[in-house]
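Colleague: Below: sequence and its predicted model.
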Amino acid sequence: SAEMPKHLLPIAGIPAIVRLLETLARVPQVVVAISSKDTETVSVLKSLLSADDSAGTEDKEGITKINLKNSSRQISVVKLSPDCLGPVDALREVEETKLIHPSTRLLVMPGDLVFLTKDFDLDALLRSRSDE
(Lines give C-alpha, C1' and ligand atoms only; values in the text may rest on other atoms or scores of the structure.)
Protein backbone atom coordinates (compact mmCIF):
# COMPACT_ATOMS: atom_id res chain seq x y z
CA SER A 1 0.00 0.00 0.00
CA ALA A 2 1.02 3.65 -0.41
CA GLU A 3 1.15 4.02 3.37
CA MET A 4 3.09 0.82 4.11
CA PRO A 5 5.41 1.30 7.10
CA LYS A 6 9.11 1.16 6.13
CA HIS A 7 9.74 -1.77 8.46
CA LEU A 8 7.32 -3.89 6.40
CA LEU A 9 9.16 -3.38 3.13
CA PRO A 10 10.45 -6.75 1.95
CA ILE A 11 14.07 -7.74 1.70
CA ALA A 12 14.39 -10.90 -0.39
CA GLY A 13 10.65 -11.38 0.09
CA ILE A 14 10.57 -11.07 3.89
CA PRO A 15 9.55 -7.88 5.73
CA ALA A 16 12.51 -6.11 7.33
CA ILE A 17 11.00 -6.26 10.82
CA VAL A 18 10.51 -10.03 10.57
CA ARG A 19 14.19 -10.43 9.70
CA LEU A 20 15.11 -8.27 12.71
CA LEU A 21 12.82 -10.21 15.05
CA GLU A 22 14.27 -13.52 13.84
CA THR A 23 17.75 -12.17 14.61
CA LEU A 24 16.55 -11.27 18.12
CA ALA A 25 15.12 -14.76 18.72
CA ARG A 26 17.19 -15.30 21.89
CA VAL A 27 16.34 -11.94 23.43
CA PRO A 28 13.89 -12.78 26.24
CA GLN A 29 11.50 -9.87 25.75
CA VAL A 30 10.69 -7.90 22.62
CA VAL A 31 8.35 -4.92 22.46
CA VAL A 32 7.55 -3.43 19.08
CA ALA A 33 6.15 0.12 19.02
CA ILE A 34 4.05 1.10 16.01
CA SER A 35 2.37 4.30 14.84
CA SER A 36 -1.25 4.93 15.72
CA LYS A 37 -1.90 4.98 11.96
CA ASP A 38 -0.27 1.58 11.33
CA THR A 39 -2.98 -0.89 10.34
CA GLU A 40 -0.70 -3.53 8.81
CA THR A 41 2.14 -4.52 11.15
CA VAL A 42 0.14 -6.61 13.63
CA SER A 43 -1.53 -8.67 10.90
CA VAL A 44 1.81 -9.23 9.11
CA LEU A 45 3.53 -10.33 12.35
CA LYS A 46 0.62 -12.62 13.23
CA SER A 47 0.56 -14.23 9.80
CA LEU A 48 4.33 -14.81 9.65
CA LEU A 49 5.29 -15.42 13.29
CA SER A 50 2.23 -16.41 15.33
CA ALA A 51 1.88 -19.83 16.89
CA ASP A 52 -1.90 -19.78 16.55
CA ASP A 53 -4.55 -17.97 14.54
CA SER A 54 -6.53 -16.74 17.55
CA ALA A 55 -3.60 -14.95 19.20
CA GLY A 56 -3.01 -11.27 19.03
CA THR A 57 -6.08 -9.31 20.00
CA GLU A 58 -5.44 -5.66 20.85
CA ASP A 59 -6.40 -4.79 24.43
CA LYS A 60 -7.84 -1.47 25.60
CA GLU A 61 -4.35 0.00 26.10
CA GLY A 62 -3.45 -0.71 22.47
CA ILE A 63 -1.20 -3.70 23.26
CA THR A 64 -1.24 -6.87 21.18
CA LYS A 65 0.61 -9.97 22.42
CA ILE A 66 1.66 -12.49 19.79
CA ASN A 67 2.78 -15.99 20.83
CA LEU A 68 5.65 -17.08 18.62
CA LYS A 69 5.90 -20.32 16.65
CA ASN A 70 8.33 -22.88 18.07
CA SER A 71 8.92 -20.77 21.19
CA SER A 72 7.51 -19.95 24.61
CA ARG A 73 8.15 -16.24 23.91
CA GLN A 74 5.76 -13.47 23.07
CA ILE A 75 6.17 -10.25 21.16
CA SER A 76 4.23 -7.32 22.57
CA VAL A 77 3.15 -4.76 19.98
CA VAL A 78 2.31 -1.33 21.41
CA LYS A 79 0.26 1.05 19.30
CA LEU A 80 1.52 4.56 20.08
CA SER A 81 -0.81 7.49 20.61
CA PRO A 82 -1.45 9.97 17.78
CA ASP A 83 0.34 12.55 19.95
CA CYS A 84 3.65 10.65 19.83
CA LEU A 85 6.24 13.01 18.38
CA GLY A 86 9.23 10.72 17.94
CA PRO A 87 11.54 8.11 19.49
CA VAL A 88 11.76 9.71 22.96
CA ASP A 89 7.98 9.96 23.20
CA ALA A 90 7.72 6.38 21.96
CA LEU A 91 10.06 5.17 24.73
CA ARG A 92 7.99 7.07 27.30
CA GLU A 93 4.77 5.53 26.03
CA VAL A 94 6.25 2.01 26.08
CA GLU A 95 7.52 2.64 29.61
CA GLU A 96 4.02 3.68 30.70
CA THR A 97 2.65 0.29 29.61
CA LYS A 98 4.72 -1.38 32.37
CA LEU A 99 5.65 -4.13 29.90
CA ILE A 100 9.33 -3.58 30.64
CA HIS A 101 10.59 -3.77 34.21
CA PRO A 102 12.45 -0.56 35.24
CA SER A 103 15.68 -2.48 35.93
CA THR A 104 15.74 -4.02 32.44
CA ARG A 105 18.54 -3.03 30.12
CA LEU A 106 16.92 -1.61 27.05
CA LEU A 107 18.07 -2.23 23.50
CA VAL A 108 16.39 0.02 20.94
CA MET A 109 16.62 -0.99 17.29
CA PRO A 110 14.79 0.83 14.51
CA GLY A 111 13.08 -1.94 12.57
CA ASP A 112 13.79 -0.31 9.23
CA LEU A 113 17.49 0.39 9.77
CA VAL A 114 19.20 -2.43 11.64
CA PHE A 115 20.34 -5.55 9.86
CA LEU A 116 22.81 -7.99 11.30
CA THR A 117 24.99 -10.24 9.20
CA LYS A 118 24.48 -13.98 9.31
CA ASP A 119 27.52 -14.49 11.54
CA PHE A 120 26.79 -11.58 13.93
CA ASP A 121 27.16 -12.76 17.54
CA LEU A 122 24.29 -11.06 19.38
CA ASP A 123 24.94 -13.18 22.49
CA ALA A 124 28.48 -11.80 22.73
CA LEU A 125 27.17 -8.25 22.38
CA LEU A 126 24.59 -8.80 25.12
CA ARG A 127 27.18 -10.48 27.39
CA SER A 128 29.66 -7.64 26.93
CA ARG A 129 26.98 -5.12 27.90
CA SER A 130 25.97 -7.09 31.01
CA ASP A 131 29.60 -7.21 32.19
CA GLU A 132 29.83 -3.42 32.38
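Modeller: That came in fine, so what should we check first? Treat the numbers as computed from the prediction; the structure is a model and nothing was measured.
Colleague: could you measure the most centrally placed residue in the chain against K98, distance?
Modeller: By CA atoms, centre = their mean, the mean C-alpha position of the chain lies nearest to V32, the distance being 2.8 Å. The gap separating V32 from K98 is 16 Å, by CB to CB, to the nearest Å. Glycine gets a C-beta too; all of them are placed from N, C-alpha and C.
Colleague: per-residue confidence for R19?
Modeller: Looking at R19, its pLDDT is 85.
Colleague: typed the wrong thing, it's L106
Modeller: So, for L106, pLDDT stands at 64.
Colleague: what does D83 give?
Modeller: pLDDT, read off for D83, is 94.
Colleague: Relative to V18, how far out is K46?
Modeller: 11 Å.
Colleague: quick one: low-confidence parts of the protein?
Modeller: 1-2, 51, 53-56, 106-120, 122-123, 125-132 (pLDDT under 70).
Colleague: could you pull out the helices for it?
Modeller: 16-23, 41-49, 87-96, 122-130 (DSSP state H).
Colleague: Can you tell me which of those helices is nearest to E61?
Modeller: E61 lies closest, by CB to CB, to one member of the helices of the chain: helix 87-96, at 8.9 Å.
Colleague: Where do the strands of the chain begin and end?
Modeller: Remark: strands assigned in the chain by DSSP state E are 10-11, 14-15, 30-34, 63-67, 74-79.
Colleague: Tabulate those (JSON lines), appending distance to V94.
Modeller: Listed next are the strands of the chain as JSON lines, based on distance: least, CB to CB, whole Å:
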{"stretch": "strand 10-11", "distance to V94": "25"}
{"stretch": "strand 14-15", "distance to V94": "21"}
{"stretch": "strand 30-34", "distance to V94": "6"}
{"stretch": "strand 63-67", "distance to V94": "10"}
{"stretch": "strand 74-79", "distance to V94": "6"}
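Colleague: just so I know, which of the ones you listed lies nearest D121?
Modeller: Here strand 30-34 is closest among the strands of the chain (CB to CB), at 18.5 Å.
Colleague: now the angle between helix 41-49 and the closest one, please.
Modeller: Orientation note: strand 30-34 sits at an angle of 140 degrees relative to helix 41-49 (axes from the mean of the first three to the mean of the last three CA atoms, to 10 degrees).
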